[in-house]
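Enquirer: Output the structure for:
(3 chains)
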Amino acid sequence: MTTAVAEPAPDSRVNYLNANYGFRSWLFTTDHKRIGLLYLLSITVMFFIGGSAAVLMRLHLITPGGTLVQPATYNKLFTVHGIVMVFFFMIPSIPAVLGNFLVPLMIGAKDLAFPKLNLLSWYVYIVGALFTLYAILAGGVDTGWTFYTPYSSTYANTQVIAAALGVFITGFSSILTGLNFIVTIHKMRAPGLTWFRMPLFLWAMYATSVIMVLGTPVVAITIVLVAFERLLHVGIFDPKLGGDPILFQHLFWFYSHPAVYIMVLPGMGVVSEVIAAFSRKRIFGYSMVAFSSLAIAVISFLVWGHHMFVTGQSIYAGLIFSVLSFLVAIPSAIKVFNWTATLYKGSISYQAPMLYALGFIGLFTMGGLTGLFLASLATDVHLNGTYFIVAHFHYIMVGGTVMAYMAGIHFWWPKITGRMYPDGWARFAALLIFLGFNLTFFPQFMLGYLGMPRRYATYPAEFQVLNVMSSAGASILGIAYLIPLVYLIWSMRYGKIAGPNPWNATGLEWKTDSPPITQNFEETPVVTEEAYDYAHMPPMPSAAELAGHGDSNV
Amino acid sequence: MSQHIVSVRSYVIVFLALLGLTALTVGVAFVDLGQLNTVIALAIATVKMLLVMLIFMHVKYSSRLTKLSILAAFFWLALLLTFTMSDYFTRHWTPSPSDWGPSISQPAPREK
Amino acid sequence: MEQQNESGTFGMWVFLVTEIMFFGAIFAAYAIYRSMYLPAFEFGSRLLDIKLGATNTAVLIGSSLTMVLAVHAAQTGKRKALVFYLLLTMLLGAAFLGIKSYEYFHKWEHFLVPGLRFAPAEVLPAGVTVQNLQLFFCFYFFMTALHALHMIIGFGIMTVLVVMSWRGRFSPEYYAPIEVSGLYWHFVDIVWIFLFPLLYLIGGRY
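Expert: Residues are numbered from 1 along each chain as shown, chains lettered A, B, ... in the order given. Predicted structure coming up:
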């Protein structure tokens, strides 16, 4: 609730940030909020490493002849970009940063079910990251992030084992996080917080955790088999020795397809929260959105063969996978319709989180629709292995998840740091990212349709114009992503001090201080309202109020 | 955690049953029952697993959530097996231009 | 406390779910290759020592019994019995690992270790190639080694529990770590319950 009394500066109040000082208090913390920040720092570093690889690739592709890097190096660049972005940025991003921070707050608990396992998961992530960084520095990997055999198991002479081990180890970080969330959400909800009163972000985290727990072990053992084969030269996946490379792909994609839903479901959770807050309405069709999260988690495991349509897989299996792939689009579509219906007749404000969330809805929809072309066997034969695929998944992962991640970071920034970020700069960055993104990846749909293969260091001259457009977009994107880095860090010291609920949003996390005290709540909250009770909340503060000019609720 | 305390007698009975089933499965391995050998071996193993799970691991006295989680795990494993097998078992239904490598055809493969 | 105990047990079950998928995937790969190369896999299976395998199965089942008796002792507040049964579990586990090591050594002596030393002296029946036989032994070693690794980890956990039990850290009100470790140990037993027939018993030994 708002009052006219000014809050004391957060620095003078004890919260989780200033409760203890020093490296040891951070490196040995079991506070989920601090662990979330440790993850934030780590994945940001990895994001810029993976991003640098992408920038180099796009610079190289400005000319068809490509002279910036050697073709062998180009192969290493796209591999490193994939491995780092998928395993070390996308998969942990929203769950390990926002999930870790918010899950206990949103359910009214002091911490997760297993705080020490939480810290362990971060250390495991770091060890995995170090193995991968070693692989990069010691010569790189050039197998593609998909490690297809028999190239990765027999013929590659790059740092496959180190990179594979890095991925294997980080997988356990994922498993531990998922395990923690599942137990926490089942067992530690505050009194009165029934499943159907939970914010949809928690449903999304739960569904994501189910996927993490069921899928990751399969890819873990598969990668170990590749390392095993590489070391001992036995024929597990090598056709010359009786192995079947397609078996690798089955086992790999059994996880890696649901993995893309690990990446996108949390984003959808964030979008539900932001859309509700910035439309001042409860989410239309709450239970449909909740159930669709679970449906996505289940159906995502039934479609992996659509990555293998052209591998020599049985065509009958291909048919089944194709039909199921069309099916998996339905729950996602349900969510998009529900968000749009939420916007209808809402009282909409356009702060940065909302801009990102709206961007998500549009770009995710485009990416999702293009997935239908790929789910269809006949068109996939033409489009597979081309830039169409690259554009498809970047629309979902970057236009979708990364934008949702940015939405979440901005939305909960005041809660995490006790400071507001400068919204003017944030909106500028959001628009620049949106423009840069579309300029980068829309031409790639066209390139793919026209036949330009992916993972190639050179291309025929007729594709140059589109490539130049894409590279121009990538340059804009690269700069645009740096802008939030600057103003977010700036805001930690100079940002306007935020109160408990600067957005007048619903949810238990907004009922405690910004930043919260270490044990989150003075007393365990009791929940009596349904989620998204915006009818009984004051309106969104004006832009002027949020920026700190004139009367505010802080 | 089950507060229910299972008696030592029950544990010993299950233990003896497990030993008995082990003896049974070893014995059956020396009898030629064709394809049934594998089926019976897996069936006996499944019974042993159920005994260990229900009694030793107290699943019989556990919450519905625990039981659901275990079922989910086996269901997912079944998904992995079934869908992957569906590829291998149906590859030969369409003719391929050349020998595309190992695959499975019914009933008893004698490949390569 | 009750909620913490419930959480701990449920947490271990969620972890075991991941283990089911972890081992399950390798079982799936084994099943597929067995279907592809049945004669080779059957022949390889016949080269394994069924007596040692059966003994190990009995040993592991015994260790599961001692484990539940340990839990029972904790539930009924019998400290010395708890320590005794935990030690017995460890002893049986060590026996299992000992027998396994002997089996591995035997395979090494007979040149049946894939990648490192594989040159079987046996005459291969029709339909069996050296490579497919090697594939069988790949799975044999990989699956049993993975299982053994889990046992060694379990061994480490038991050691910690023995020390804690000896120091009287457990009571009828608090024995969750014993119960939860027991779940892990039984799971490792269940994996072997499937490994034994799939590797040793379905090789057409008749």
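Enquirer: Quick check: which ranges of chain C have low pLDDT?
Expert: Along chain C, segments meeting pLDDT under 70 span C:1-2.
Enquirer: For it, which segments count as helices?
Expert: All helices of chain C, identified by DSSP state H, fall at C:2-36, C:38-46, C:50-75, C:79-109, C:130-166, C:176-196.
Enquirer: Which helix or which strand is home to residue A:334?
Expert: Assigned by DSSP states H and E, residue A:334 falls within helix A:315-343.
Enquirer: Number of residues surrounding residue 52?
Expert: Answering for chain A, as no chain was given. When counting by other Cβ atoms under 10 Å in any protein chain shown, one arrives at 15 neighbours for residue A:52. Yep, even glycine has a C-beta here, placed from its N, CA and C like the rest.
Enquirer: other chain: chain B
Expert: If you count neighbours by other Cβ under 10 Å, residue B:52 ends up with 22.
Enquirer: Also residue C:101?
Expert: Number of residues near residue C:101 (other Cβ under 10 Å) recorded here: 11.
Enquirer: State the mean pLDDT of the lengthiest helix in chain A.
Expert: Identified as the longest helix of chain A according to DSSP H is helix A:245-279. In this model, helix A:245-279 carries a mean pLDDT of 96.
Enquirer: after it, next one along is what?
Expert: Downstream of helix A:245-279, the next assigned helix or strand under DSSP H and E is helix A:286-299.
Enquirer: residues of that next one that come out buried?
Expert: The neighbour-count check on helix A:286-299 (16 or more other Cβ atoms under 10 Å in any protein chain shown) flags A:286, A:288, A:289, A:290, A:292, A:293, A:294, A:295, A:296, A:297, A:298, A:299 as buried.
Enquirer: same question, stretch C:148-161
Expert: For stretch C:148-161, the buried set under the neighbour-count rule, 16+ other Cβ under 10 Å, comprises C:148, C:150, C:151, C:154, C:155, C:157, C:158, C:161.
Enquirer: okay if I get those as a markdown table plus distance to chain B?
Expert: Output for the buried residues of stretch C:148-161, formatted as a markdown table (distance: Cβ to the nearest Cβ, whole Å):
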| residue | distance to chain B |
| --- | --- |
| C:148 | 19 |
| C:150 | 15 |
| C:151 | 15 |
| C:154 | 14 |
| C:155 | 18 |
| C:157 | 16 |
| C:158 | 16 |
| C:161 | 16 |
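Enquirer: Now those in a markdown table, please, with extra columns for distance to residue B:35.
Expert: A markdown table is the format used below for these (distance: Cβ to Cβ, whole Å):
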| residue | distance to residue B:35 |
| --- | --- |
| C:148 | 31 |
| C:150 | 31 |
| C:151 | 32 |
| C:154 | 35 |
| C:155 | 39 |
| C:157 | 40 |
| C:158 | 41 |
| C:161 | 44 |
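Enquirer: I'd like to know which elements the helix or strand just after the helix holding residue A:334 is packed against.
Expert: Next helix or strand after helix A:315-343 toward the C-terminus (DSSP H and E): helix A:352-375. Under the contact definition 3 or more Cβ pairs under 8 Å, 6 or more residues apart in numbering or on different chains; DSSP states H and E, helix A:352-375 sits against helix A:245-279, helix A:315-343, helix A:377-383, helix A:387-396, helix A:403-417, helix A:423-450.
Enquirer: so where's the stretch 1-150 of chain A uncertain?
Expert: Within the stretch 1-150 of chain A, the ranges that satisfy pLDDT under 70 run A:1-12.
Enquirer: Repeat the analysis, applying 90 as the threshold.
Expert: A:1-23, A:65-67 (pLDDT under 90).
Enquirer: again, but for chain B
Expert: Residue ranges of chain B with pLDDT under 90: B:1-7, B:31-36, B:86, B:88-112.
Enquirer: ok now the longest helix seen in it, how far from the chain's centre?
Expert: The helix that spans the most residues within chain B, counting by DSSP H, is helix B:64-90. Computed by Cα atoms, centre = their mean, to the nearest Å, the chain-centroid distance of helix B:64-90 equals 11 Å.
Enquirer: can you pull the contacts of the residue of chain A found nearest chain C?
Expert: In chain A, the residue that lies nearest chain C is residue A:232 (2.7 Å; Cβ to the nearest Cβ). Shown in contact with residue A:232 (Cβ atoms under 8 Å, 6 or more residues apart in numbering or on different chains): C:114, C:115, C:116, C:138.
Enquirer: Need the phi and psi values for the residue nearest to residue A:415 when sequence neighbours are not counted.
Expert: Using Cβ to Cβ, 6 or more residues apart in numbering or on different chains and skipping the chain neighbours, the partner closest in space to residue A:415 is residue A:514 (5.0 Å). Phi and psi for residue A:514, reported as degrees, to the nearest 10, are phi -120, psi 120.
Enquirer: What distance do you get for residue C:130 to residue C:70?
Expert: Separation of residue C:130 from residue C:70 (Cβ to Cβ, to the nearest Å) stands at 46 Å.
Enquirer: actually residue A:317, not the one I typed
Expert: Here residue A:317 is placed at a distance of 47 Å from residue C:70 (Cβ to Cβ).
Enquirer: more neighbours, the two?
Expert: Neighbours per residue (other Cβ under 10 Å) separate residue A:317 from residue C:70, with residue C:70 holding more: 31 against 22.
Enquirer: which residues does the residue of chain C found nearest chain A contact?
Expert: The nearest approach of chain C to chain A comes at residue C:115, 2.7 Å away (Cβ to the nearest Cβ). By Cβ under 8 Å, 6+ apart, residue C:115 lies in contact with A:231, A:232, A:233, A:234, C:138.
Enquirer: Select from those every entry located in helices.
Expert: By the criterion of DSSP H, membership of the contacts of residue C:115 in helices covers A:231, A:232, C:138.
Enquirer: want to try a markdown table for the helices and strands packed on helix A:352-375, with distance to residue A:530 as columns?
Expert: Listed next are the helices and strands packed on helix A:352-375 as a markdown table, based on distance: least, Cβ to Cβ, whole Å:
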| stretch | distance to residue A:530 |
| --- | --- |
| helix A:245-279 | 12 |
| helix A:315-343 | 15 |
| helix A:377-383 | 43 |
| helix A:387-396 | 31 |
| helix A:403-417 | 21 |
| helix A:423-450 | 29 |
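Enquirer: any weak-confidence spans in the stretch 401-550 of chain A?
Expert: When residues are selected by pLDDT under 90, those of the stretch 401-550 of chain A lie in A:514, A:529, A:531, A:533, A:535-537, A:540, A:542-550.
Enquirer: Appreciated, that's everything.
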